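**Student:** Okay, predicted coordinates and the sequence, questions at the end:
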Amino acid sequence: MKPLPLLFQSWKKSISFKKKKVQNVSKDIYVVVEQRDGDIQKVGIELIGAATGLAKELGQKVVGVLMGNGIAGKAEVLIQYGADSVLVADHPLLKEYMTEPYAKALTHIIKTYEPEIVLFGATAVGRDLAPRVSSRIKTGLTADCTGLDIDPETKLLQMTRPAFGGNIMATILCKNHRPQMATVRPGVMPALARDKSRTGDVTNVEIKLDEKDLTVEILDVVKSEKAICDITEAKYLISGGRGIGGPEGFELLRKLAEALGSGADISSSRANVDAGWIAKDRQVGQTGKTVRPNLYMACGISGAIQHLAGMEESECIIAINKNESAPVFGVADLGVVGDVNAIIPKLIDEIARVKETKMVQ
Amino acid sequence: MKIVVCIKQVPDTNEVKLDPKTNTLIREGVPSIINPDDKSAITEALMLRDRIGGSVIALTMGPPQADVALREALAMGCDEAVMLSGPEFAGSDTLATSTILAAGAKKIGYDIVLAGRQAIDGDTAQVGPQIAEHLGIPQITYVEDVKVDGDHLIVKRQFEDRYHIIRTSIPCLLTVLSEACAPKYMTVGGIVDAYNKEVKVFGYSDLKEFLDTSQIGLEGSPTNVWRSFTKEAKGAGTVLKEVTADEAVAAIISKLEEKHII
């Protein structure tokens, strides 16, 4: 496999792209779907959804790649969410994520099947595995993408990502090396609806791994004690910025979230996380998480570009801020110039009242 | 024990602003800093050196201006500083950059390689693992804590919902989170020393035994930027000014009802 990129390199100067395309044997879009303790991670489902759109434009298939131990039963879930087929690498040494066994298994799959595109979730696992594999097979990798498109003419994958702290967007191409690889931010690609009637092939890939592949030793796996907070899963997010005044401001926002009911949670701008008012796992933005809830309520958040990058895809944005020139108003469906601490208590009461009236009806 | 710390000089992206008229980046006046995660990696390297002995070598690839970042690393307490610089290296993507930095590490010699988790200008987190692969050594990314256990390291590796306690032999490469340790400040003595010490500069000819020209620089980079642009602002909706709290609440309620949220 290794000579392939070099070959492409030398073609670059002398042969037009069309001729090269004929020689390109790579095909299909492979989505590396992460599982933890056997649970499929949501970003993998999102990526399968995104890949189906890309595959249609290429006239190719979507292949889910599932690595782990005792996980073969989960393969059909990937098909129900849009994968045409699934490759399963099931091995005791793949039970808990470790770089080398996973890199070896995935390298074997890529070299055997020669995919056109390989996608990963930009998670703590994906961002460890993808660069190791890209370096091993000497192909390009684009990190933390927020947009994926196929160029209608060249059929190249256009990988778009924020740079300079979200100040600009860059579209990256990987012209002459295969596969084209990208990690994609969780929460930016919409998943398809599950269709339990879908069927597809599930293939077990035999992976040869032994003790020598355990280059490090896991002494302990400690799951976080606190309830896992994943703000990317919330339907409604009530988010606080400096304007909420202090850590106690989040108690008010929490009450508002409770008034909205299940699926509502609280999140934060970076400033409040840096000030220690709230935990980092609730931070929205370039250095936090990207969210796209049905409702994002920005309370006392001015809306630095790094913050907007993490929430502007939300379905409905309501912003409350004292400063009428706050940039957050530029992305809000509804903006209110006013004091969070005056408006929110009244809003909580009013939501409760409206809900009660509706129940009576 | 040789501890090599890979660092990057970056523009302070918190200070980067867009020109509202032209919608382009204003680069003038934006300070250059050592990437924050890399500062933690330097600090972690110094703490390791204090426990196990040896020397800390700060390594960077960049234009001649990156000398300032290396001087700062020396002032923080690094023993040596090495800059990889040359026209052959310009335009490298992450893979080509990792190839060059790995060549630098081979030239210097290493037992432990440290890097920050990711740089704030690119946020890729890719170069560390890619270097580890070139060197053929284990990598542990997202490192929150490092302990020494005889001739091994015991490392706390963070994930979204858990952490792993990992034992690794040496040589190895670790990428360090900012949370791992508060960055060490420069000392006055350190600053004086920093300008008395030599920053070694290696160009392509110094590293060529470890490098293949087809894999470095713009030509040797598998990926390239096809275009860059500023995001189109989402169309703004209604902004209500000079309203009472009650009027504001009424407007919000009607929006929530319109969207079937309540």
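**Tutor:** Looks like it came in fine. Here the structure is a predicted model, which is why all the values come from computation and not from measurement.

**Student:** which residue packs closest to the residue in the stretch 101-250 of chain B positioned nearest to chain A, ignoring adjacent ones?
**Tutor:** Using C-beta to the nearest C-beta, B:Pro222 is the residue of the stretch 101-250 of chain B that sits closest to chain A, at 3.1 Å. Every residue, glycine included, has its C-beta placed from N, CA and C. Among residues not flanking B:Pro222 along the chain, A:Gly140 sits closest, at 3.1 Å (C-beta to C-beta, 6 or more residues apart in numbering or on different chains).

**Student:** Just the pLDDT at B:Leu177, thanks.
**Tutor:** Reported pLDDT at B:Leu177 in the predicted model: 92.

**Student:** A:Leu156 is in contact with A:Asp149, correct?
**Tutor:** No - taking C-beta atoms under 8 Å as the definition, A:Asp149 is not a contact partner of A:Leu156, at 9.5 Å.

**Student:** Please list the residues of the stretch 251-361 of chain A that sit near chain B.
**Tutor:** Contact residues (C-beta under 8 Å from any C-beta of the partner chain) of the stretch 251-361 of chain A with chain B: A:260, A:281, A:286-287, A:294-295, A:305-306, A:309, A:312, A:315-318, A:320, A:324, A:329-339, A:342-343, A:346-347, A:350-351, A:354-355, A:358.

**Student:** picking that back up, out of A:Asp149 and A:Leu156, which sits in the more crowded spot?
**Tutor:** Each of A:Asp149 and A:Leu156 has its neighbours counted (other C-beta atoms under 10 Å in any protein chain shown); A:Leu156 has more, 17 against 14.

**Student:** Can you tell me the closest non-neighbouring residue to the more buried one?
**Tutor:** Using C-beta to C-beta, 6+ apart, the nearest residue to A:Leu156 is A:Leu173, at 5.3 Å.

**Student:** Okay, and the beta partners of that neighbour?
**Tutor:** A:Leu173 has these beta-bridge partners by DSSP bridges: B:Asn224.

**Student:** Next: the one 10 residues further on.
**Tutor:** Here A:Thr183 sits in beta bridges with A:Phe120, going by DSSP bridges.

**Student:** Please look at it and A:Ala130 and confirm they touch.
**Tutor:** Yes - the pair A:Thr183 / A:Ala130 is scored as a contact, 5.1 Å apart, by C-beta under 8 Å.

**Student:** okay, and the common contacts of those two?
**Tutor:** A:120, A:141, A:143 (C-beta atoms under 8 Å, 6 or more residues apart in numbering or on different chains).

**Student:** Kindly write the ChimeraX command that selects the buried subset of those.
**Tutor:** Selection of buried members from those for ChimeraX, criterion 16 or more other C-beta atoms under 10 Å in any protein chain shown:
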select /A:120,141,143
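
**Student:** any idea which of the shared contacts of A:Thr183 and A:Ala130 is the one closest to chain B?
**Tutor:** A:Ala143 (3.7 Å).

**Student:** OK, contacts around the residue in the stretch 1-150 of chain A positioned nearest to chain B?
**Tutor:** Here the residue of the stretch 1-150 of chain A nearest chain B is A:Gly140; by C-beta to the nearest C-beta that distance is 3.1 Å. For A:Gly140, the contact set (C-beta under 8 Å, 6+ apart) comprises A:134, A:172, A:174, A:177, A:180-181, B:93, B:95, B:221-223.

**Student:** 7 Å instead?
**Tutor:** A:134, A:174, A:177, A:180-181, B:93, B:95, B:222-223 (C-beta atoms under 7 Å, 6 or more residues apart in numbering or on different chains).

**Student:** what sits against the residue nearest in space to the middle of chain B?
**Tutor:** The centroid of chain B falls nearest to B:Ala119 when counting by C-alpha atoms, centre = their mean (3.3 Å). Contact analysis of B:Ala119 by C-beta under 7 Å, 6+ apart lists B:8, B:10, B:35.

**Student:** Does B:Met83 touch B:Glu198 like I think?
**Tutor:** No - with contact defined as C-beta atoms under 7 Å, B:Met83 does not count as touching B:Glu198 (10.8 Å).

**Student:** out of those two, which sits in the more crowded spot?
**Tutor:** Each of B:Met83 and B:Glu198 has its neighbours counted (other C-beta under 10 Å); B:Met83 has more, 23 against 9.

**Student:** Look up how far chain A lies from that one.
**Tutor:** From B:Met83 over to chain A the distance is 23 Å, taken as C-beta to the nearest C-beta, to the nearest Å.

**Student:** got the CA positions of the one helix or strand that residue maps to in CSV?
**Tutor:** Per DSSP states H and E, B:Met83 falls inside strand B:80-84. Below are the C-alpha coordinates for strand B:80-84, written out as CSV (Å, rounded to 0.1, in the frame of the first residue of the first chain):
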residue,chain,number,x,y,z
GLU,B,80,18.4,23.6,25.6
ALA,B,81,16.4,24.9,22.7
VAL,B,82,16.3,23.7,19.1
MET,B,83,14.5,25.4,16.2
LEU,B,84,13.8,23.6,12.9
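
**Student:** hmm, who's touching the helix or strand that comes right after it?
**Tutor:** Using DSSP H and E, the next helix or strand after strand B:80-84 towards the C-terminus is helix B:94-108. Helix B:94-108 is contacted from outside by A:134-135, A:140-141, B:2, B:4, B:6, B:57, B:59, B:61, B:82, B:84, B:89, B:92, B:113, B:124, B:126-127, B:130-131, B:134-135, B:202, B:206-207, B:210-211, B:215-217, B:220-222, using C-beta under 7 Å, 6+ apart.

**Student:** From these, keep the buried residues only.
**Tutor:** Applying 16+ other C-beta under 10 Å to these flags A:134-135, A:140-141, B:2, B:4, B:6, B:57, B:59, B:61, B:82, B:84, B:89, B:92, B:113, B:124, B:126-127, B:130-131, B:134-135, B:202, B:206-207, B:211, B:215-217, B:220-222 as buried.

**Student:** For the residue nearest to B:Val4 when sequence neighbours are not counted, give me its contacts.
**Tutor:** Using C-beta to C-beta, 6+ apart and skipping residues adjacent in sequence, the residue nearest B:Val4 is B:Tyr110, 4.4 Å away. If a contact means C-beta under 7 Å, 6+ apart, then B:Tyr110 has B:2, B:4, B:171 as its contacts.

**Student:** okay, the residues you listed in CSV with pLDDT next?
**Tutor:** Shown next, in CSV, are these (pLDDT from 0 to 100):
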residue, pLDDT
B:Lys2, 98
B:Val4, 98
B:Pro171, 98
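
**Student:** Out of those residues, list just those in strands.
**Tutor:** Using DSSP state E, B:2, B:4 are the members of the contacts of B:Tyr110 that sit in strands.

**Student:** could you dump the contacts of B:Tyr110 to CSV with distance to B:Ala45?
**Tutor:** Output for those, formatted as CSV (distance: C-beta to C-beta, whole Å):
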residue, distance to B:Ala45
B:Lys2, 10
B:Val4, 8
B:Pro171, 14
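
**Student:** Please identify which of the contacts of B:Tyr110 is nearest to A:Glu96.
**Tutor:** Using C-beta to C-beta, B:Pro171 comes nearest to A:Glu96 of the contacts of B:Tyr110, at 23.3 Å.

**Student:** Hmm, the closest one is touching B:Gly136, no?
**Tutor:** No - in this structure, B:Pro171 is not within contact of B:Gly136 by C-beta under 7 Å, at 9.1 Å.

**Student:** Could you list the low-pLDDT ranges of the stretch 151-300 of chain A?
**Tutor:** Residues of the stretch 151-300 of chain A meeting the criterion pLDDT under 70: A:225-228.

**Student:** What are the boundaries of the helices in the stretch 51-200 of chain A?
**Tutor:** Assigned by DSSP state H, counting those that start in this stretch, the stretch 51-200 of chain A shows helices spanning A:75-80, A:99-113, A:126-137.
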